[in-house]
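fold the stuff below for me.
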Amino acid sequence: MFRHSLRRLGAAHPQYPNLFKPLDLGAAGTLKNRVLMGSMHSGLEKGTIFGGSTDLTSMGKFFAARAEGGVGLMVTGGVAPNRQGWVSPFAAKMSNSSEAQSHEVVTGMVHDAAPDSKICMQILHSGRYGYHPLAVSASPVKSPIGWFTPKELSGAEVRGTIEDYATCAKHAKDAGYDGVEIMGSEGYLINQFLVERTNKRRDEWGGSYENRMKFPVEIVKAVRERVGDDFIIIYRLSMLDLVSDGSSWPEIVALASAIESAGATIINTGIGWHEARVPTIVTSVPRAAFSWVTKKLMKEVNIPLCATNRINMPHVAEQVLERGDADMVSMARPFLADANLVKKAEEGRTEEINTCIGCNQACLDHTFKGITASCLVNPVACHEDELLIEPCAPGSEMDVAVVGAGPAGLAFATTAAERGHRVTMYDQAGEIGGQFNMAKAIPGKEEFHETIRYYNTMLQKHGVNVKLNTRVSASDLKRHDGVVVATGVEPRTPPIPGIDHPKVLSYIDVLRHKKDVGKDVAIIGAGGIGFDVAEYLVHSGDMDQKADDVDVGAYMEEWGVDITNEARSGLQERKLHSPARNITLLQRKQGKLGAGLGKTTGWVHRANLTKMDVKMIGGVTYDKIDDDGLHITIKDKKGKETKQVLNVDNVITCAGQTPLRELCDPLEELGMKVWRIGGAEEAGELDAKRAIDMGTRLAAKLEGAKAGEVFTMDPGGGAKVIEFFRNYRNKKEGVA
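Below is the predicted model of the structure:
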């Protein structure tokens, strides 16, 4: 019915005709474009200890900015229908009128900002994924990534949970939402009822697939009955589980048909459970890599289908729609990176889009730590109420120099200039980008090209005076009102005998200067840089391709995904490729290598290198380097030491960095105001998230900032709550 009633209003957009085609949803209204802002756990959907009202102004400002930025349909982060469904302790829940009233500020701000934008609230019951001791599920099967063994719901409790979904949806309608999304994918409670992996029941809710799919179908029926026909119901359907004993394709088709009959308005695509060992959203995943999954279902139902995962630019979305892969596209994290993505695309300002690079560092990684989400390339995201980028007051404009055109310097320069300050940027290199120019060469980090493109555009737009190939001294900068030192870091040289041997290279020699590297390589240091260098060296071929060039088919083969989706769960045997080099990755500390990598991405990096036969050794002492290779001593967990010589062609040092601050003292001696940001303030691992955040926050408060003052994000108190319950779990279940 719906697919054949799609209608066009007005002239087609010259560049993105499908993206900006309205979509008729019947009694539920019309969407002005085909863009759905997908649900994200932002931490803005606050809950309370006793289930009363709470201030959601921050959440309202966040969504209002995206509505004003042109999004047709938005979905909030998950809100539980009852206490057992919490994602984490005291997380967002809507089971009473007080909690519903708290959301009126959100819907009011959205509809005031853009009356033609619609917003749906996601109803999410976490099931066994809940980070709290009240977790429940279809059966008492603990998740490999969960903290607690869930309690099995009784038959009466299953019925009660269905009623809770319906009550939650009615409260959402009363709060002013245009609809709800029922989260039925990613391994949450509904998914746990659907598959034998987690449903071991033998009552009316288990056993046959007809019984197992009864739970989601009854939920949709109950919700539709409670909210009426003029309310959007999106059902997020897991079309590719990517875990063993998941759904088969015939089961997915049967469920989709039943969900349509039960009253859903739109079916949104879910890809992979959270415990799946196939990356589905990180930056190494090709753009629109899973739209083929949605396309396969297009002929099976008549209501609109929405494709999702790694659709991060308008032209990518347009291609998905033009191919007939879906009726709509979901873009979630891209709206953290740029609230005005849709507006910029509609106005022909695509070059001004701040592209999501899929890094997870400030969004999902924050969520799992209990920290309010943000965005590596846009620290304002989810902080719209406290990080204000506003024009500086007349007469307060400063003439400021920024030395260094890396991430920190670029963030500062563009933000300060946007506010009205006069900014001159100096860098001794011939191009902007700093460490990003090395990162973009790493296979799987092709999106970093986009960030450099964005900053080049914004430097020009805001009139920053950029002086490249220019090394400056303190005296050269005296004419400015102040100087921001964003000179970054230099590699630390470890004190190892023979460190000056010809076979020793630094990571900068390899990634920036493209020095020749032999077949057998040892890498000293297993932090983020060490892993990046290893990833770079195990691959051959084009080392600096663009994100649009990454091969979807090759990616699916590499990770064992059946691109026909005929195999149950979409899994097949992986096809591995031989590494270009033999790599040994070393670290001084005992334990797992890469333990300090991203919470949600570290496992991907480790899995990538493992499948490429990279040897990973911890507990290493570096004795010396000579013509024979790298001499090391390995200490095991029991303290036993073993001597070994790695006969390698090259030893690459990734053993930390030191700040470059040589300008600071001379500038201060001249009596100038000086600020340090990025690596020049704090070296550690190369941390673009911290660098861009520091640069942006200093620029936002520049005219009132004291010399040397450093501005960083407040992580809030959520992390302490998560840590408390983690310790409770450890004590209860005897986890070390």
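
and the contacts of the helix or strand that contains Arg159?
For Arg159, the enclosing helix or strand under DSSP states H and E is helix 155-174. With contact meaning Cβ atoms under 8 Å, 6 or more residues apart in numbering, helix 155-174 is reached by 79-82, 84-85, 94-97, 99-100, 103, 121, 123, 125, 136, 153, 179-180, 182, 189, 203-205, 215, 218-219, 222-223, 225-227, 231, 233. In short, each C-beta sits where N, CA and C put it, glycine included.

in it, what counts as buried?
For helix 155-174, burial by neighbour count (16 or more other Cβ atoms under 10 Å) applies to 158, 161-173.

paired strands for the next helix or strand after that helix, with orientation please.
Sequence order places strand 179-184 as the next helix or strand after helix 155-174, per DSSP H and E. Take DSSP bridges as the rule and strand 179-184 pairs in its sheet with strand 118-123 (parallel), strand 232-240 (parallel).

report the distance from the shortest one to the chain centre.
What that stands for is strand 118-123. Relative to its chain's centre, strand 118-123 lies at 20 Å (Cα atoms, centre = their mean, to the nearest Å).

show me what the helix or strand that it is followed by is packed up against.
Sequence order places strand 136-137 as the next helix or strand after strand 118-123, per DSSP H and E. Here strand 136-137 touches strand 151-152, helix 189-194, going by 3 or more Cβ pairs under 8 Å, 6 or more residues apart in numbering; DSSP states H and E.

list the helices and strands the first one packs on?
Using 3+ Cβ pairs under 8 Å, 6+ apart as the contact criterion, the elements in contact with strand 151-152 are strand 136-137.

repeat for the longest one
Based on contacts counted as 3+ Cβ pairs under 8 Å, 6+ apart, the elements that helix 189-194 packs against are strand 136-137, strand 179-184, helix 214-227.

mean neighbour count, the ones you listed: which tops it?
Across the helices and strands packed on helix 189-194, averaging neighbours per residue (mean count of other Cβ atoms under 10 Å) puts strand 179-184 on top, at a mean of 27.

show me where the chain dips below the pLDDT cut-off.
1-10, 50-51, 541-543, 685-686, 716-736 (pLDDT under 70).

work out which residue lies at the spatial centre of it.
Centroid-nearest residue in the chain, with Cα atoms, centre = their mean: Asn360, separated by 3.0 Å.

ok, that residue - contacts?
Here Asn360 is in contact with 281-283, 598-601 (Cβ under 8 Å, 6+ apart).

now do 7 Å
282, 598, 600-601 (Cβ atoms under 7 Å, 6 or more residues apart in numbering).

give me the distance between the nearest residue to Phe90 once chain neighbours are set aside and Ser102.
Spatially, and ignoring its direct neighbours in sequence, Phe90 is nearest to Gly47 (4.8 Å; Cβ to Cβ, 6 or more residues apart in numbering). Separation of Gly47 from Ser102 (Cβ to Cβ, to the nearest Å): 10 Å.

just Lys343 next, same as before
Between Lys343 and Ser102 the computed distance is 29 Å (Cβ to Cβ).

higher neighbour count, these two?
Comparing Lys343 with Ser102 by other Cβ atoms under 10 Å, the one with more neighbours is Ser102, at 23 against 17.

contacts only, for the more buried one.
Counted by Cβ under 7 Å, 6+ apart, Ser102 has contacts 53-54, 56.

a markdown table for those, including secondary structure?
Shown next, in a markdown table, are the contacts of Ser102 (DSSP: H, G, I helix; E, B strand; the rest coil):
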| residue | secondary structure |
| --- | --- |
| Ser53 | coil |
| Thr54 | coil |
| Leu56 | coil |
